[in-house]
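Chemist: Below: sequence and its predicted model.
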Amino acid sequence: MSRFWNTASSNRSSVAASAGGGCPLRLEIRSKRFGAVEVLHCLTIAAAAGEVVALVGPSGCGKTTALGIVAGLDRDYDGSVEVGPRLDGSPVRLGYVFQEPRLLPWRTVRQNLALVLPRPQRKGPAVDAMLEALELSDCADRFPTQLSLGMARRVALARAFVVQPDLLLMDEPFVSLDEPTALKLRALLAGLLERRPATVLLVTHNLREALALADRLLLLAPSPGRVVADVPVAVPRAARDDATVEALRRNLLSRPESVFRLLA
Ligand SMILES: Nc1ncnc2c1ncn2[C@@H]1O[C@H](COP(=O)(O)OP(=O)(O)OP(=O)(O)O)[C@@H](O)[C@H]1O
């Protein structure tokens, strides 16, 4: 197991080893509190190696809190997290795309990417290849203040991918972008995952985005946050053009179960 931690009493659960890109993930939170308020209760998220799982739910239902726990940024909870293993036993690599790009303002685009790599690899071809894949070669020597929000978000995506992550955590990665820019970034992300699969937890408010990218949607309800629906997306990702995504969205919104009203 590459990483495992918990507080209070935890249940260790077994997960199959990763055979290709990505690694398995299992998160079981019995309870997560901030002070007297319980924000997550009996929340279980499991993802197979290479699976893209979208966490969808209203503001405040605990999506970011759950990501922080998976990333190891928050260890004050009752439950367990298992990430990995990789088949070859090597350490799991984690990528995190935050809600804001969080680039170092005093470093250039190229330097922001290089800094997340082990020192011997920083001058190798990985950085330039990733900049090219995300159509960022022309701004490699710019500083973050010289970028548009869409470019800064592409750099944040490039920084997460340059480590070749097994597990990628994405928290509203395309929020507050105009729709054409968001569409372009989604297509770039889909292309990156096609070339090098990773297990992805994608937090989003945007149902179209979830349906365009994910293999499965987990719908969370608030107070306290928990999973109320687990919805597989049967159409292959490559076949999900705008019209197909819209049809999937309408189909989901028309389902009679009351939990789907959370999406309206
Ligand atoms: N550090 C903190 N201290 C106290 N309460 C917090 C803290 N962080 C989050 N919360 C509360 O926990 C709940 C879940 O917050 P979280 O940010 O995880 O929700 P979210 O689903 O990601 O929301 P959004 O979609 O608006 O980003 C909210 O009620 C929030 O106010």
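Modeler: Received, thanks.

Chemist: and residue 79, which of the three is it?
Modeler: Judged by DSSP: H, G, I helix; E, B strand; the rest coil, the three-state class of residue 79 is strand.

Chemist: Tell me how far it lies from residue 259.
Modeler: From residue 79 across to residue 259, the span is 23 Å (C-beta to C-beta, to the nearest Å). C-beta here means a position set from N, CA and C on the backbone, and glycine is covered the same way.

Chemist: same question, residue 111
Modeler: Counting by C-beta to C-beta - residue 111 and residue 259 are separated by 46 Å.

Chemist: residue contacts, residue 207?
Modeler: 56, 249, 252-253, 263 (C-beta atoms under 8 Å, 6 or more residues apart in numbering).

Chemist: In this structure, where is pLDDT below threshold?
Modeler: When residues are selected by pLDDT under 70, those of the chain lie in 1-20.

Chemist: What residues of the host helix or strand of residue 129 count as buried?
Modeler: Secondary-structure assignment from DSSP states H and E places residue 129 in helix 126-133. By 16 or more other C-beta atoms under 10 Å, the buried positions in helix 126-133 come out as 126-127, 130-131, 133.

Chemist: got a markdown table for those, with distance to residue 187 too?
Modeler: Below are the buried residues of helix 126-133 laid out as a markdown table (distance: C-beta to C-beta, whole Å):
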| residue | distance to residue 187 |
| --- | --- |
| 126 | 22 |
| 127 | 22 |
| 130 | 16 |
| 131 | 17 |
| 133 | 12 |
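
Chemist: Could you identify the buried members of the contacts of residue 207?
Modeler: Buried among the contacts of residue 207 by 16+ other C-beta under 10 Å: 56, 249, 252, 263.

Chemist: so the second one touches residue 209, yeah?
Modeler: Spelled out, that is residue 249. No: Residue 249 lies out of contact with residue 209 (C-beta atoms under 8 Å); the separation is 10.4 Å.

Chemist: quick one on the thing from earlier: which strands or helices does the helix holding residue 129 pack on?
Modeler: helix 109-114, helix 149-161, helix 179-195 (3 or more C-beta pairs under 8 Å, 6 or more residues apart in numbering; DSSP states H and E).

Chemist: could I get those helices as CSV with distance to the ligand and mean neighbour count?
Modeler: As requested, the helices and strands packed on helix 126-133 are exported to CSV (distance: least, C-beta to the nearest ligand atom, whole Å; neighbours: other C-beta atoms under 10 Å):
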stretch, distance to the ligand, mean neighbour count
helix 109-114, 24, 23
helix 149-161, 16, 23
helix 179-195, 16, 16
